[in-house]
Every structure is written in structure tokens, then in C-alpha cells.
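Asker: what would the 3D arrangement of this be:
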Amino acid sequence: MKNKSKIQITSPARLHLGFMDLNGSLGRKFGSVGLAIDSVETSVTVTKNPMHITHDINEKNKRAYSYADTILKAYEVDESVVIQVNKKIPEHAGLGSGTQLALSIGMAISKLFDLNLSLMDVGKVLDRGNRSGIGIGAFENGGFLIDGGKGKSAELPPITVRQDFPENWRIILLINSREKGIHGQSEYNAFKTLKPFPENLSEKLCRLVNLVILPSLIEKNFKDFSSAIGKLQKIVGTHFSPIQGGVYSNPDIANIMSYVEKNGFMGVGQSSWGPTGFILTDSDTSAHKLTKDIRQNFLCKDLQIEIIQGRNKGSCIEFIDSNTDSQNKNLNIHKE
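Answerer: Numbering: from 1, shown residues only. Take a look at the predicted model:
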């Protein structure tokens, strides 16, 4: 019988590529487009703590313990856990770090104490996925994702489309390690102060997503796909520009994006509030060549530049037998 006293969960970062409907006149608002990505991930190990031994809580795992405490109290579990944060997605960089950490902790506790919680259950309790379901979709299945927006009920935005991302396509990430994107109360205030989004632009974006982005992804038509992602980003970024100071929140990244667009790379944008920027390329060779070009033409002092792939699988869960240290590896959580 499997010893369920220790569990490790690894979950992927995601790119938030934009919203389809910021107008909301049909009763559902936002409607996110996104992509789970490889190489950038959160990994946590959660262990039952039957003796309720107090452990030092440092800044690295303070947030994780807060999520654990909330879940345990919400479901009246009179137990405690020990949490080790092995790897963490950069915080407030537009890569979904908070959602992945919350879901990892919540699902680990659910498995350890047989709570049988769904991802939606965890999201609601830990206040994740209020505007976008992309993080939850990335955690569960990975891939290219679209959600159906936030309705008037308490239900979180449902994933309506999930497609594999072509394995030969690459994404160049530009991460500013010293800058944080808008988050928390500032994000809430930002949405309150923005001007109403024109209904005709929402209609345009919905057509763009459903009649260009999705078909070209399925047909692996990189030119049409990347061009349409760039257009989506421009329209949404322009709407948010009064808050973030332009289509991009970081001026150095904005300059790089302008440069690569002039060189024919149209699939560029910013994930969520940034500052992380991304550039789509059709091959590993093209990605490395462009990365070299960027480094030669820009200082990139505070920028971390990475070449990554889309991730077409969800989170990995591993039960660890504390006696033998044997592991069940590479279990997708949705297949368990």
C-alpha cells in the first residue's frame, strides 16, 4: 500500500496572451488566451506533520504556509504540514507564480488528507482564477488554452479550448529580474480605473481568436498565428497603457520588441501585467539566432533571456515513500 505522507508537485508557468472580451456586455467578461510553458516551474514537497512540530518559516515559503493554513482551516482538518519550496516561478513577473503555488499546495493537502478537492475548489478557497482560468488549465492539462470568461456566478472561468502547442515552435522570454508587475490591490484598482472597453473591439478580438489564432494553431501555420497574437497583444496592451505607461510596462523590453518587429517577428507581447515579454519563433535555430542578435544590439543588463517551448502536459505529482524513498514519477494530475 502506498504511503501517503509525503508528496511532491511540480507545476508549469504560463503566458497570459491577452483577453478576448473586456467589455462584458454579453454577461461574461475577460475571456483569457494563454499558454503553459516548459522550463519555468514551481516545485513543492509537502509532508504530513503528525507531531505538529514548529518549523522555521522564511520568506521563500511564507506564502506557501499561508495557503496551507487557509486550506486546512477551510476544510476543518486538524493537522499540520511541513513545506519545502524546491523551485519557484519568479513572483509578479506575469508568469502565474501565485496560482501555481496555491494550486500545488492545495492539491498536495487534498491528496495527503483524502479531501477529494477539485482544482476549482482549491482556486475558490485560495482566491485564484477570479479573472482568468488559464493558470488552472495550465496546472491541469498544459497546452494552449482559452477560457470562457467570468460570469455573474461565483464559478471560476471554465476552460473552453485546449490545444497542443507545436513542439518545434519556440518562445523567447525576456524577464526583468528587478521589476515587478502590477498585482494585488494595485491590480484591482487598475481594473476599476480603466475606461470601458469598446464593444466593437471585443467583437474584433473574439473573431481574431476564433477565426485566425485557433485555426492557424491547429494547421501549424506559424505566420498567421504569430501575426494574430501580435495584433491581440497590441489592442489589449493599448487599453492597459494608461496604467502601465505604454503597451509594455518595461521600456527596455518595449525597445527590443520594436526592433524584432522591424525584423519580421510579429508574434511579440507581454504576459499579463509584465514585465515579462515574449517573442514567438518557428524553430530552435531561429530562436537562437534572434537571441544572439538581441544581445549584440541591446545591453540587456537586467534582462534574463531564455528560449523555451510550450508545455503540452499538466502538473506532475509524485508520492514519496519516506521509508524507501521510491517515487512514482511523471503522473499527470488529471490522469491520476
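Asker: rest of the way, CA atoms for contacts and neighbours
Answerer: Noted.
Asker: surely E261 is in a helix?
Answerer: Yes. Assessed with DSSP: H, G, I helix; E, B strand; the rest coil, E261 lies in a helix.
Asker: out of everything not next to it in sequence, what's closest to it?
Answerer: In space, and not counting its chain neighbours, E261 is closest to V268: 7.6 Å by C-alpha to C-alpha, 6 or more residues apart in numbering.
Asker: enumerate every residue touching the one you found.
Answerer: 226, 229-230, 233, 257, 261, 277-280 (C-alpha atoms under 8 Å, 6 or more residues apart in numbering).
Asker: just the buried ones from those residues?
Answerer: Listed as buried from the contacts of V268 are 226, 229-230, 233, 257, 277-280; burial here means 16 or more other C-alpha atoms under 10 Å.
Asker: where does C300 land on pLDDT?
Answerer: pLDDT, C300: 81.
Asker: assign a three-state SS to it, would you?
Answerer: On the basis of three-state DSSP, C300 is classed as coil.
Asker: name the helices or strands packed onto the longest helix seen in the chain?
Answerer: Looking across the chain with DSSP state H, the single longest helix is helix 222-244. Here helix 222-244 touches strand 6-21, helix 199-208, helix 214-218, strand 268-270, going by 3 or more C-alpha pairs under 8 Å, 6 or more residues apart in numbering; DSSP states H and E.
Asker: for the helix or strand containing T42, buried residues please.
Answerer: In the assignment (DSSP states H and E), T42 maps to strand 30-48. Neighbour counts over strand 30-48 (16+ other C-alpha under 10 Å) mark 30-38, 40-48 as buried.
Asker: strands along the stretch 51-200 of the chain, start to end?
Answerer: 81-87, 144-147, 159-163, 170-176 (DSSP state E, counting those that start in this stretch).
Asker: got a list of contacts for stretch 210-218?
Answerer: Contacts for stretch 210-218 (C-alpha under 8 Å, 6+ apart): 163, 165-166, 222, 224-225, 228-229.
Asker: could I have that stretch exported to PDB, CA atoms only?
Answerer: What follows is stretch 210-218 as a C-alpha-only set of coordinates in PDB (Å, rounded to 0.1, in the frame of the first residue of the first chain):
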ATOM      1  CA  ASN A 210     -11.600  32.100 -33.100                       C
ATOM      2  CA  LEU A 211     -11.100  32.600 -36.800                       C
ATOM      3  CA  VAL A 212      -7.400  33.200 -37.000                       C
ATOM      4  CA  ILE A 213      -5.500  32.200 -33.900                       C
ATOM      5  CA  LEU A 214      -7.200  28.800 -33.300                       C
ATOM      6  CA  PRO A 215      -7.300  27.600 -36.900                       C
ATOM      7  CA  SER A 216      -3.800  28.600 -37.600                       C
ATOM      8  CA  LEU A 217      -2.600  26.900 -34.500                       C
ATOM      9  CA  ILE A 218      -4.300  23.700 -35.500                       C
END
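Asker: about what we covered before: tabulate the contacts of stretch 210-218 (TSV), appending pLDDT and distance to K180.
Answerer: Formatted as TSV, these follow (pLDDT from 0 to 100; distance: C-alpha to C-alpha, whole Å):
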residue	pLDDT	distance to K180
Q163	98	30
F165	98	28
P166	98	30
F222	98	31
D224	98	32
F225	98	29
A228	98	27
I229	98	24
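Asker: out of those residues, who's nearest P251?
Answerer: Distances from P251 to the contacts of stretch 210-218, taken as C-alpha to C-alpha, are shortest for I229 (20.4 Å).
Asker: gap between the closest residue to that closest one other than its chain neighbours and L194?
Answerer: Spatial nearest neighbour of I229, excluding adjacent residues (C-alpha to C-alpha, 6+ apart): G267 at 5.6 Å. According to C-alpha to C-alpha, to the nearest Å, G267 stands 25 Å off from L194.
Asker: which of the two has more neighbours?
Answerer: G267 (25 against 13; other C-alpha atoms under 10 Å).
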